[in-house]
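**Q** build me a structure from this.
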Amino acid sequence: MQPIETARLIIRNFRSGDGEGLYAYLREPVASCFLSMRLESLEAAEAEAGKRGLDDEYLAVTLKDTGILIGDVFAMQEEDSWSVGWNFNPAYGGAGYALEAARALFTHLFTTCKARRVYAYVEDHNMASQRLCEKLGMRKEGLLLEYISFRNDSAGNPVYENTFQFALLRKEWETGLTLPEG
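**A** Just a heads-up that it's a prediction; the model follows:
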């Protein structure tokens, strides 16, 4: 994929050398949905970066000025719909990077990939991602009770997560009807 440039970011395929940045946020994932991606070592992170570089599903988000990897965005196609998400290093939180990267990803999906619909699953306790979905103009479509488990409790029983589904149609994106100010 051709890199996507925004005012402050470059969104590109993963490549050799991205392991350190990837390890910085996947050694202790913040969101429970990323627990299965936990990386145990820098070597594992380098291998994962190499694997991610083989396709366009996961894209590295880097700072334009320094090239530092600060997170990733991802999109998985299902016919004319795309499941999307993001995972960022908490050290770079609060600066609007996730919003900037996700907006660029949405533009790419709706224009270049001709997506009809994009959607995201967000755990009911992940308020930051819920706010991000809303800033992106996504609608909350429903709550899936005890939808999925990413971990077990101390007795080994699955802990199920309540999960919201957010979505945005291309026609909504084109008209900007759902986009809040700011």
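**Q** drop to CA atoms for contacts and neighbour counts, all remaining ones
**A** Fine.
**Q** now name the helix or strand holding the residue lying farthest from the centre of the chain.
**A** The outermost residue of the chain, judged against the average C-alpha position, is Ala155 (31.0 Å), by C-alpha atoms, centre = their mean. Using DSSP states H and E, Ala155 maps to neither a helix nor a strand.
**Q** next one: phi and psi at it?
**A** Recorded main-chain torsions at Ala155 are phi -90, psi 0, according to degrees, to the nearest 10.
**Q** identify the residues contacting it.
**A** Neighbour list for Ala155: empty [criterion: C-alpha atoms under 8 Å, 6 or more residues apart in numbering].
**Q** do the same with Glu43
**A** Gly19.
**Q** so it, which of the three states?
**A** helix (DSSP: H, G, I helix; E, B strand; the rest coil).
**Q** where's it relative to Asp65, distance?
**A** Computed as C-alpha to C-alpha, to the nearest Å, the Glu43 to Asp65 distance reads 26 Å.
**Q** with Val118 instead?
**A** 30 Å.
**Q** neighbouring contacts of stretch 136-153?
**A** Contacts of stretch 136-153 (C-alpha under 8 Å, 6+ apart): 32-33, 35-36, 99, 102-103, 119, 133, 158-168, 173, 176-180.
**Q** buried ones among those?
**A** For the contacts of stretch 136-153, a burial check counting by 16 or more other C-alpha atoms under 10 Å picks out 33, 99, 102-103, 119, 133, 161-168, 173, 178.
**Q** compute the first-to-last residue distance for stretch 75-84.
**A** Span of stretch 75-84 from end to end, C-alpha to C-alpha: 4 Å.
**Q** quick one: it to chain centroid distance?
**A** 13 Å (C-alpha atoms, centre = their mean, to the nearest Å).
**Q** coming back round to it: mind checking which of the buried ones among the contacts of stretch 136-153 land in helices?
**A** Within the buried ones among the contacts of stretch 136-153, residues falling in helices by DSSP state H are Leu99, Ala102, Arg103, Cys133, Trp173.
**Q** nearest the geometric middle of the chain, what residue?
**A** Trp86 (1.2 Å).
**Q** and that residue, how close does it get to Ala128?
**A** Relative to Ala128, Trp86 is positioned 11 Å away (C-alpha to C-alpha).
**Q** give me the below-cutoff pLDDT ranges for the protein.
**A** 177-182 (pLDDT under 70).
**Q** at 50 instead, please
**A** In the predicted model of the chain, residues 178-182 satisfy pLDDT under 50.
**Q** going by neighbour count, list what's buried in the longest strand along the chain.
**A** The longest strand of the chain (DSSP state E) is strand 139-152. By neighbour count on 16+ other C-alpha under 10 Å, the buried set for strand 139-152 is Arg139, Lys140, Leu143, Arg151.
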